[in-house]
Each structure stands twice: as structure tokens, then as C-alpha cells.
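Peer 1: Kindly return the folded structure for what I paste below:
(one chain, ligands or ions: 1)
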Amino acid sequence: MQWTSPSGQTVALREGDITRVAADAIVNAANSALAGGGGVDGAIHRAGGPEIMRELDRIRSEIGQCPAGGAVATGAGNLPAKYVFHAVGPVYRDGRHGEPELLASCYRTCLELAESRGVETISFPAISTGVYGYPLDRAAAIALREVMRYFAPPDRRVRTAIFVLFGRRAYDAFAAALKELAPGRV
Ligand code: AR6
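Peer 2: As a prediction, the model looks like this:
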């Protein structure tokens, strides 16, 4: 399923493994320590190879931790991409501890990193919806709204955002949210 903005930018939904989808930049769902982990983070480091962690070690020695809502950029090692943006999503408690704003900030920060690097195609996983426990339907609405908003001005360099969703349940949640946000246009 996909949505196209009035000026031609596209938001596409795909089911699959984000490490197998070519893009200029691949977004990782990382933690504040930038230390690697399970889920999509584990898959990205496994497929990308050790160079990504070496770069994160350097970044960590400069900035310490990356707060929730933020993201840092590295090269992509062996992945089919130029960059990996390591975004730190919020841990979900009850939605009343700033989680929606922090989740939206992850997507916005990654789009800004993309814009400043001339990235045309960026792929996202469903940040925070695994170990961090964000309910899929709410996370989907926030993620899609943020990217669609970003695509409102006609002069963005980023042209395509692909959500690569792991499993049918995640895909269906994003498809339902996209239909609700853009009724009759997907
Ligand atoms: N491709 C696309 N999506 C994936 C893949 C994949 N290969 N593998 C899992 N997902 P999670 P979080 C989905 O737990 O909730 C890590 O340990 C998964 O089904 O990876 O942000 C980090 O180091 C889910 O929908 O990230 C942090 O400590 C989504 O990706 C912590 O987990 C996010 O699930 C971050 O937790």
C-alpha cells in the first residue's frame, strides 16, 4: 500500500526484513547506550557487520548517550544502503509520559538527518513497538502522521519513505492507520 503527496513524495508500506530492502538510509530502533541489542537492532548489526558498531563506539566516546527522541548516523557496512540512522524510541509506559512526542521526534530527527545528507529514499521499522512496548496502532498513527507532515512542503529532497514492517500484524496496523489518515487516497 502507498500514499503519494500532492508534490509526489511517497510513503510506502511493505512487510518484511528491513535489512533486505535497499534504501539510501535505513533506520534502526536503537537504545540510548547505542550498544546494540535484539530485534531490528540485532538484525542490522548482524547484516551490516562490525564497522557499524565501531562507528557507534566513536560517537559514544564523543556524545555519551543518545536521548530518547534522538538519532545518530553511521555508515551502513554491508547493508544495501549508504547510512544507518540509529533512532532511540521511547519505552512505552501509558502514553502520558511524553511517549507520543518522543516517538514523533525520532521520525522527524531521522528525516532531518536524511535531508541534510541528500538522502532520497529512507526506510523505517516500527520504532518502539517491540521490546519497548508501544501499542502498534498508536505507534503507526504517530509514525505515518509525522512523515506525511514532513512531506507537506514541495521542496523536500527526501522523496520516498518505506515502512518495512515485520509480520502481518504490524503491516495491518500501519495499513489501517494510513487509510484513516488519508481516506480515499491510498
Ligand atoms: N526488520 C524490520 N522490522 C523488524 C525486524 C527486521 N529485521 N526485526 C524486528 N522488527 P524492536 P524497540 C520489528 O524490539 O521496540 C533492541 O534490543 C519488531 O517486530 O527491535 O524500539 C534495541 O537495542 C517491532 O515491530 O525495537 C533496544 O534496546 C519493531 O521492529 C530495544 O530493542 C521494533 O522492535 C528497542 O526496542
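
Peer 1: C-alpha from now on. contacts and neighbour counts both.
Peer 2: OK.

Peer 1: What parts of this structure come near the ligand?
Peer 2: Proximity of the chain to the ligand (Cα under 6 Å from any ligand atom) is limited to residues 17-19, 29-31, 36-41, 43, 89, 125-133, 164-166.

Peer 1: how about a cut-off of 5 Å?
Peer 2: 17-18, 29-31, 36-40, 125-132, 166 (Cα under 5 Å from any ligand atom).

Peer 1: Of those, select the buried ones using a PyMOL command.
Peer 2: Buried members of those can be picked out in PyMOL with the line below, counting by 16 or more other Cα atoms under 10 Å:
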select buried, resi 18+29+30+31+36+40+125+126+127+128+129+166
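
Peer 1: mind listing which of the residues of the chain next to the ligand are in strands?
Peer 2: Applying DSSP state E to the residues of the chain next to the ligand, the entries found in strands are 29-30.

Peer 1: Pick out the residue closest to the middle of the chain.
Peer 2: With distances taken as Cα atoms, centre = their mean, the residue of the chain nearest its centroid is residue 124 (3.2 Å).

Peer 1: hang on, isn't that one packed against residue 27?
Peer 2: Yes - with contact defined as Cα atoms under 8 Å, residue 124 counts as touching residue 27 (5.0 Å).

Peer 1: Provide a list of residues in contact with residue 18.
Peer 2: By Cα atoms under 8 Å, 6 or more residues apart in numbering, the residues touching residue 18 are 26, 40, 123-125, 164-165.

Peer 1: Average pLDDT for stretch 100-119, rounded please.
Peer 2: For stretch 100-119, the mean pLDDT works out to 98.

Peer 1: and that stretch, how far out from the chain's middle?
Peer 2: 8 Å (Cα atoms, centre = their mean, to the nearest Å).
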